[in-house]
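> build me a structure from this.
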Amino acid sequence: MSAMSQLKQNNRVCEQELIDVIGIDATLQLERAFSASYLYIPARAPSKAIINAIGLTSAMKLVEHFGCGDIWVPKALLMKYRNISIFRERDAGKTLPELSAQFQTGIANVRRILKQRGMLDNPAPAVTAL
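Take a look at the predicted model:
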């Protein structure tokens, strides 16, 4: 393993640690803005981009806890939130193409997400007249 990859490995931040430091809402906002990438946290004052993403209070907490280094911003929480939103919208009657457009992902991906929860369309039972 190269020195650079070891350094990056050491800077990976556990998502739970982010939640503990800045809270779940700010973590979700951070993931929306910077997910699946390294983010430099300055030593003294947060960058404007970080402040715009999560607000000054949460940005200052990031600086205090992680300052002067790169952190890996995961996206697991963001994906869980998106999937829950897809389940709710599907329960509300949205079609696969509507969900695909709303969540900016392919129909096959929406289908896969719904299948994980057993929410894929089953043919409606036939209604018979008595």
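
> nearest residue to the spatially most central residue of the chain other than its sequence neighbours?
In the chain, the C-alpha nearest the mean C-alpha coordinate belongs to Leu78, at 1.4 Å (C-alpha atoms, centre = their mean). Spatial nearest neighbour of Leu78, excluding adjacent residues (C-beta to C-beta, 6 or more residues apart in numbering): Glu31 at 4.0 Å. (C-beta placed from N, C-alpha, C; glycine too.)

> and Tyr40, what does it touch?
By C-beta atoms under 8 Å, 6 or more residues apart in numbering, the contact list for Tyr40 reads Ser47, Gly69, Asp70.

> now do Pro42
Going by C-beta under 8 Å, 6+ apart, Pro42 touches Val63, Gly67, Cys68.

> so what's the gap between the lengthiest helix in the chain and the chain middle?
Scanning the chain for the longest helix, with DSSP state H as the assignment, gives helix 76-91. Distance, stretch centre to chain centre, for helix 76-91: 10 Å (C-alpha atoms, centre = their mean, to the nearest Å).

> chain center to whatever helix or strand comes next after that helix, what's the gap?
Going down the chain from helix 76-91, the next helix or strand is helix 96-102, by DSSP states H and E. Its chain's C-alpha centre and that of helix 96-102 lie 18 Å apart, by C-alpha atoms, centre = their mean.

> what helices or strands is the helix or strand following helix 96-102 leaning on?
Later in the chain than helix 96-102, the nearest helix or strand by DSSP H and E is helix 107-116. Counting contacts by 3 or more C-beta pairs under 8 Å, 6 or more residues apart in numbering; DSSP states H and E, helix 107-116 packs against helix 76-91, helix 96-102.

> no further questions, thank you.
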